[in-house]
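Colleague: Fold the following for me, if possible:
(2 chains)
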Amino acid sequence: MKTAASAMSPEQARVRRIRRERRNRIVRHAVLLAWTGFIAFPIYWMVMTSFKDSGEWVTWPPHWVPHAPTLHNYAQIFAFSSIDPSLSRQAAEQAFTIWKGLGDSLLVCTTAALLALLLGTFLAYSISRFNVGGKYFRHTILTIRMIPPIVIAISILIYYAILIPYATGAVFGARISMFDTYIGLILIYTVTTLPFVIWMMLTFIDEVPYTLEHAARLMGAGRFTVIRRVVLPLVASGMVVTFLFVFILNWAEFLLALTLTHPEVTTLTVLLNKFQSASEGRLYGPQAAIGTMITIPVVVLGILIQKHLVKGFSFGTIRR
Amino acid sequence: MAQISARAADLPSGRTAGQGAGRGLARWLASDRVFPKIPYVLVEGLIIVTILIPFILTIYISLLRWRANRPFETATFSGLSNYEVVLTDSLFWASVGRTFYFAGTAVAVELVVGFVLAMLVHQCTRSKKLYTTIILVPMMIVPIVVGYNFSMIYVDSGPLNQLLAPFLEPFGIDPRIRWLSHPVAAQFAIIIADIWQWTSLTFLIFLSGFSALPAQLINAARVMGATPWQIFWRIQFPLLKPAILIAVIIRSMEALKMFDPVVLLTFGGPGTSTQTVAYFLWEQVWVFNKFSFGAAASIVLLVMFSVFIYFGIYLLVSQRATVDRRAA
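Modeller: Residues are numbered from 1 along each chain as shown, chains lettered A, B, ... in the order given. Reported below is the predicted structural model:
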């Protein structure tokens, strides 16, 4: 290598280097574009299917572009229940409206994310400033996230469906079940996302210099004033990011929603799954329309907080 | 310090008798001794109520002989017999093995592909941001939608088979293959769906790792005549080891929970060839109503996983401590 290099004139070496760099760039873009294609393929297919009418959902050869594009699927999922239920086909269609699932998802995910954010931020502040719970508390809290959700689901099912009705039956004389209720699902979402909130907020709060708070306290500000005027403004953006992150997690959650609710509370993920096992054959079109509708908001939110995603997923173990 | 500030806050307004109690309470809550404990107590309370009590109850149920389609009063105590059934259940062990197989294969591919992609994107200059955004999109898509998308693609007269048709038809093979009806193909279908979605996460972790590499070190090596190959193996790769470790922990913990694509794509079939342990337990409890069996199996599963959980947390913690120390 060394002899070859010394045998080349500087001009030759330069040409060779430029040529190698160009080749590298072509290979790089080829690989990245290939992966982009792989990523885009299923998404493209879903979006295209959502614009196809029932005759085009499954054909051989498949239609890559809808030959007769239609908004029928969207009209169907966004329909208000005004169709005559005496017709079975239309009655089935009526069940595909998205409103109930959308409302439930928004309610459950927002409430749970807010609750987790409030509790988690408060606790993260205490951990950061006062070392509450001892040295290892911030680590033990991770255990909740590591337990397989199916284990949590089974114990929560038994709890909601047996213990709470028994306890309320004994105390109040009326059996109250937490199964298939908003509160039940919100509580469990709050607990399962708390570790994320605590760890993310810790990274934000640890960045606020304690000396600032100290100065404010010495100048006579009360504790709540310090939190409201000094700490909150500095971590507000972090709280927004954490909220969005947790919201996305809740929005995508499926196992707990599937196992702890039926038939009253229906989140969007459960709704989409219902069509999968629909008795009268799968309705690909409405499914694709719902899938597109579920995806758009979270992808937009996700791109907004893209910079912080790694912090959330890696529990702050990697920083840019 | 607390006393000083409290007195300072009191000074401007004279205290009246009616406000006394409320102020006293507020000051007690705001004191250094009590204030930090408030969220702690709240969160601990929430965890005890929603995780610990249900968990103890699960242990109790696992010791009973009871099916959910009969009243709870008819349950009888049966000792450890449920555990015996679980531990001798070949389907349970098969599903555990399969889960590890799925997770291992998927995570291995995700690590390699994610690493290569991150390396390539890191070398880009102008198009870096665009590629990053594109590659991160799958991660943000709801897993259930990913499952749906792939179920659409694997349909026997679907786009995948059309793409493969030019390679199959010359050999007289009907290209309309039912991927999800073949045991091995269905397993790979699920693994591919997982890879599609979660390579973005390993990519993200590695890209952050690459961006955090000290540029001076690499420039110095280049000036001293190191080849790109040497720079990669001697400098970049060793510095990226923590990122690799974290990617392995986080991805394998998540992959072992695999459930959504199984429900959406195959329902555990054909036969039991794609049942992961989460799906197996779900079916036992929610379809067959075998609560006691499910409770015992989930305890067994938790005990088995606790080793991984412990090591995962231990490694994450030591990594986080290193990061914090470096930042401080």
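Colleague: Going along the chain, name the helices of the stretch 1-150 of chain A.
Modeller: Here the stretch 1-150 of chain A has its helices, by DSSP state H, counting those that start in this stretch, at A:2-7, A:10-50, A:72-77, A:88-94, A:99-130, A:137-140, A:142-146, A:149-158.
Colleague: would CSV of the ones you listed with mean pLDDT be doable?
Modeller: CSV is the format used below for these (pLDDT from 0 to 100):
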stretch, mean pLDDT
helix A:2-7, 53
helix A:10-50, 90
helix A:72-77, 81
helix A:88-94, 51
helix A:99-130, 91
helix A:137-140, 80
helix A:142-146, 85
helix A:149-158, 89
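Colleague: show me what contacts B:D194?
Modeller: B:102, B:106, B:110, B:255, B:258, B:261 (CB atoms under 8 Å, 6 or more residues apart in numbering or on different chains). Where you see a C-beta, it was placed from the backbone N, CA and C, and this is true even at glycine.
Colleague: okay, now B:Q216: neighbour count?
Modeller: Neighbourhood size, B:Q216 [other CB atoms under 10 Å in any protein chain shown]: 7.
Colleague: Restricting to C-alpha, output whichever strand or helix holds it in CSV.
Modeller: Following DSSP states H and E, one finds B:Q216 within helix B:215-223. Only the C-alpha atoms of helix B:215-223 are listed here, as CSV (Å, rounded to 0.1, in the frame of the first residue of the first chain):
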residue,chain,number,x,y,z
ALA,B,215,-14.6,14.5,15.9
GLN,B,216,-11.1,15.6,16.9
LEU,B,217,-10.1,12.1,17.7
ILE,B,218,-11.1,10.8,14.3
ASN,B,219,-9.5,13.8,12.5
ALA,B,220,-6.3,13.2,14.4
ALA,B,221,-6.3,9.6,13.4
ARG,B,222,-6.9,10.5,9.8
VAL,B,223,-4.1,13.0,9.8
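Colleague: The chain - how does it break down into domains?
Modeller: In the absence of a named chain, chain A is used. By the assignment in automatic domain parsing, chain A contains the domains A:2-80, A:98-313.
Colleague: should've been chain B
Modeller: The record's domain parsing of chain B by automatic domain parsing lists B:2-11+B:20-62, B:86-327.
Colleague: For B:G97, identify the helix or strand it belongs to.
Modeller: Assessed by DSSP H and E, B:G97 sits inside helix B:90-123.
Colleague: and that helix, what does it pack onto?
Modeller: helix A:10-50, helix B:128-140, helix B:183-211, helix B:237-255, helix B:277-282, helix B:291-327 (3 or more CB pairs under 8 Å, 6 or more residues apart in numbering or on different chains; DSSP states H and E).
Colleague: which strands and helices sit next to the last one?
Modeller: For helix B:291-327, the packing partners by 3+ CB pairs under 8 Å, 6+ apart come out as helix A:137-140, helix A:142-146, helix A:149-158, helix B:53-62, helix B:81-87, helix B:90-123, helix B:237-255, helix B:277-282.
Colleague: Take those and write them to JSON lines, including mean neighbour count and distance to A:P209.
Modeller: Below are those laid out as JSON lines (neighbours: other CB atoms under 10 Å in any protein chain shown; distance: least, CB to CB, whole Å):
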{"stretch": "helix A:137-140", "mean neighbour count": "17", "distance to A:P209": "20"}
{"stretch": "helix A:142-146", "mean neighbour count": "19", "distance to A:P209": "26"}
{"stretch": "helix A:149-158", "mean neighbour count": "25", "distance to A:P209": "38"}
{"stretch": "helix B:53-62", "mean neighbour count": "20", "distance to A:P209": "40"}
{"stretch": "helix B:81-87", "mean neighbour count": "17", "distance to A:P209": "53"}
{"stretch": "helix B:90-123", "mean neighbour count": "18", "distance to A:P209": "32"}
{"stretch": "helix B:237-255", "mean neighbour count": "19", "distance to A:P209": "27"}
{"stretch": "helix B:277-282", "mean neighbour count": "26", "distance to A:P209": "44"}
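Colleague: out of those helices, which comes closest to B:A185?
Modeller: helix B:90-123 (13.9 Å; CB to CB).
Colleague: Who's the closest spatial neighbour of B:I177, skipping the chain neighbours?
Modeller: B:N161 (5.8 Å; CB to CB, 6 or more residues apart in numbering or on different chains).
Colleague: From A:F41, how far off is that neighbour?
Modeller: B:N161 sits 13 Å away from A:F41, going by CB to CB, to the nearest Å.
Colleague: Looking at the two, which has the bigger crowd around it?
Modeller: Set B:N161 next to A:F41 and count neighbours by other CB under 10 Å: B:N161 wins out with 22 against 17.
Colleague: Figure out the helix or strand that the more buried one lives in.
Modeller: For B:N161, the host element (DSSP H and E) is helix B:159-168.
Colleague: Quick check: buried residues in that helix?
Modeller: By neighbour count on 16 or more other CB atoms under 10 Å in any protein chain shown, the buried set for helix B:159-168 is B:159-161, B:165.
Colleague: Any chance of CSV for those residues, columns pLDDT?
Modeller: As requested, those are exported to CSV (pLDDT from 0 to 100):
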residue, pLDDT
B:P159, 83
B:L160, 84
B:N161, 82
B:A165, 80
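Colleague: Just want the angle from the helix holding B:N161 to helix B:183-211.
Modeller: Between helix B:159-168 and helix B:183-211, the angle comes out at 110 degrees (axes from the mean of the first three to the mean of the last three CA atoms, to 10 degrees).
Colleague: Extract the CA atoms of helix B:159-168 and return them as CSV.
Modeller: In CSV, the C-alpha atoms belonging to helix B:159-168 read as follows (Å, rounded to 0.1, in the frame of the first residue of the first chain):
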residue,chain,number,x,y,z
PRO,B,159,-48.3,-7.1,-4.0
LEU,B,160,-45.5,-9.2,-2.5
ASN,B,161,-46.5,-12.2,-4.6
GLN,B,162,-46.7,-10.0,-7.7
LEU,B,163,-43.2,-8.8,-7.1
LEU,B,164,-42.0,-12.4,-6.8
ALA,B,165,-44.0,-13.6,-9.8
PRO,B,166,-41.4,-13.0,-12.4
PHE,B,167,-39.0,-15.2,-10.5
LEU,B,168,-41.5,-18.0,-9.8
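Colleague: got the contact list for the residue lying closest to B:P242 once chain neighbours are set aside?
Modeller: Leaving out its chain neighbours, the residue that sits closest to B:P242 by CB to CB, 6+ apart is B:Q319, at 5.6 Å. Contact analysis of B:Q319 by CB under 8 Å, 6+ apart lists A:317, B:242, B:245-246.
Colleague: Distance-wise, check B:Q319 relative to A:I205.
Modeller: Counting by CB to CB - B:Q319 and A:I205 are separated by 19 Å.
Colleague: what does A:L256 give?
Modeller: Taking CB to CB, one finds A:L256 at 28 Å from A:I205.
Colleague: show me the contacts for A:V31.
Modeller: Contacts of A:V31 by CB under 8 Å, 6+ apart are B:116-117, B:120.
Colleague: distance between the ends of stretch A:241-261?
Modeller: Chord length of stretch A:241-261, first to last residue, is 29 Å (CA to CA, to the nearest Å).
Colleague: Can you give me the pLDDT of the closest residue to A:T110 other than its chain neighbours?
Modeller: Residue nearest to A:T110 in three dimensions, not counting chain neighbours: A:F247, with 6.8 Å by CB to CB, 6+ apart. For A:F247, the pLDDT comes out at 93.
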